[in-house]
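Engineer: Curious how this folds, go ahead:
(one chain, ligands or ions: 2)
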Amino acid sequence: MTKIMMHGCNGVMGQVITKIVEETDDAVMAAGVDRRDDGHNDYPVYTNLSDCKEDVDVIIDFSAAPAVDGLLDYAAEKKIPVVLCTTGLTDEQLKKVEEASKKTAILRSANMSLGINTLFKLLKSMTKLLADAGFDIEIVEKHHRRKLDAPSGTALALAEAVNEPLDNEYEFVFDRSQRREQRPKKEIGISAVRGGTIVGEHEVIFAGQDEVIELKHTAYSRAVFAKGAVSAALYLAGKPAGMYDMSDVIG
Ligand SMILES: NC(=O)C1=CN([C@@H]2O[C@H](COP(=O)(O)OP(=O)(O)OC[C@H]3O[C@@H](n4cnc5c(N)ncnc54)[C@H](OP(=O)(O)O)[C@@H]3O)[C@@H](O)[C@H]2O)C=CC1
Ligand SMILES: O=C(O)C1=N[C@H](C(=O)O)C[C@H](O)C1
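Structural biologist: Numbering: from 1, shown residues only. Ligands and ions are numbered 1, 2, ... in the order given. Here you go, the predicted model:
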């Protein structure tokens, strides 16, 4: 039985994960951590990570970027693997993730869904052909009004997946409002839409001469992220220190 700690347990994703773990035979929610607690969870919840008394095999994190530094320190010191799902981390925090991964196993992914992780693979194989044929590349993402970071972590990861076969020569462009010139070839435009309750939508557009390819992923429920995160936690528990990603889980 894998014992999980949920970091950000009272958030929207934390609660969806709680339900999925309840339905999973070989996992149990041993503890939760959040900024506030009203006692409604069936497991102990701490408002301070360091107060947690339970022994856990793995931590799943869906919290907020400022909470990630403390989590990394704690996990590295206790050598507890972490499935790190929070987005909007700074470059400095990403370096800290790398440092922590020398002491414990860390699986970081901006999107835990099977669909988006399949799309990453597709993009790596198809992008160069289209870019060489003169197609321009744009990414559009849409999310709910509560979302704090923009563009989404997934949009950035998609842009990186596209840029890799292009020898990372393309520049990411987030705002063209001050520009009065044509779009250069070697850029990837990334646009963010925020509103209502949209769970998550990502579209990669290859726009060529008189033809367009649009690859679109729509998450209709947060269960797609939660199921991926729980599978990742079961995979990561007991693994040696190092960086992992969803391709290790999905194969
Ligand atoms: N990788 C993936 O597949 C996915 C990633 N995400 C990412 O996960 C994160 C959380 O998303 P979501 O659940 O919608 O957000 P929520 O705001 O609903 O949940 C975050 C929870 O973390 C809590 N929190 C904030 N700071 C701390 C802290 N210092 N210590 C402990 N808990 C803290 C929040 O408390 P409070 O409300 O008081 O601030 C809240 O309860 C976001 O970064 C989002 O982008 C989301 C979906 C999928
Ligand atoms: O905040 C969200 O909700 C989501 N965030 C992730 C991101 O930033 O890419 C993944 C998903 O799209 C939902």
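Engineer: Closest residue of the protein to ligand 1?
Structural biologist: Residue nearest to ligand 1 within the chain (C-beta to the nearest ligand atom): residue 11, separated by 1.9 Å. No exception for glycine: its C-beta is placed from N, CA and C like everyone else's.
Engineer: Excluding sequence neighbours, find me the nearest residue to that residue.
Structural biologist: For residue 11, the nearest residue in space outside its immediate sequence neighbours is residue 62; the separation is 6.0 Å by C-beta to C-beta, 6 or more residues apart in numbering.
Engineer: count of residues packed around the closest residue to residue 219 other than its chain neighbours?
Structural biologist: Take residue 219 and drop its neighbours on the chain: the residue closest to it by C-beta to C-beta, 6+ apart is residue 200, 4.1 Å away. Taking other C-beta atoms under 10 Å as the criterion, the count of residues near residue 200 is 22.
Engineer: same thing with residue 65?
Structural biologist: For residue 65, the neighbour count with other C-beta under 10 Å is 14.
Engineer: Domain boundaries for the chain, per the record?
Structural biologist: For the chain, the structural domains run 2-108+223-250, 114-219, going by automatic domain parsing.
Engineer: how distant is the last one from the center of its chain?
Structural biologist: In terms of C-alpha atoms, centre = their mean, to the nearest Å, the centre of domain 114-219 is set 16 Å apart from its chain centre.
Engineer: Tell me which stretches of the stretch 1-150 of the chain form strands.
Structural biologist: Listed in chain order, the strands found in the stretch 1-150 of the chain under DSSP state E, counting those that start in this stretch are 2-7, 27-33, 45-46, 58-61, 82-84, 105-108, 136-143.
Engineer: contacts for the first one?
Structural biologist: Read it as strand 2-7. Strand 2-7 is contacted by residues 14, 17-18, 21, 26-33, 49, 52, 54-63, 67, 71, 80, 230, 233-234, 237 when judged by C-beta atoms under 8 Å, 6 or more residues apart in numbering.
Engineer: Now do the same contact list for the residue of the chain closest to ligand 1.
Structural biologist: The contact partners of residue 11, taken as C-beta under 8 Å, 6+ apart, are 34, 62-63.
Engineer: And these, which is closest to ligand 2?
Structural biologist: When those are ranked by distance to ligand 2 (C-beta to the nearest ligand atom), residue 62 comes first, at 8.7 Å.
Engineer: what number of residues lie near the closest one?
Structural biologist: Using other C-beta under 10 Å: residue 62 sits among 25 other residues.
Engineer: Quick check: residues of this structure near ligand 1?
Structural biologist: In this structure, the chain approaches ligand 1 at residues 8, 10-14, 33-36, 62-64, 67, 85-88, 109-112, 225, judged by C-beta under 6 Å from any ligand atom.
Engineer: Just the buried residues out of the residues you listed, in PyMOL syntax.
Structural biologist: The PyMOL selection below is limited to those of the residues of the chain next to ligand 1 classed as buried (16 or more other C-beta atoms under 10 Å):
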select buried, resi 8+10+11+13+14+33+34+62+63+67+85+86+87+88+109+110+111+112+225
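Engineer: Narrow the residues of the chain next to ligand 1 to those in helices?
Structural biologist: 12-14, 67, 225 (DSSP state H).
Engineer: What is the most widely separated pair among these?
Structural biologist: 67 and 225 (17.8 Å; C-beta to C-beta).
Engineer: re the thing from before, doesn't residue 220 make contact with the residue nearest to residue 219?
Structural biologist: No. At 9.3 Å, residue 200 does not count as touching residue 220 under the criterion of C-beta atoms under 8 Å.
Engineer: on that earlier part again, give me the buried subset of the contacts of strand 2-7.
Structural biologist: Members of the contacts of strand 2-7 that pass the buried threshold by neighbour count (16+ other C-beta under 10 Å) are listed as 14, 17-18, 21, 27, 29-33, 49, 52, 56-63, 67, 71, 80, 230, 233-234, 237.
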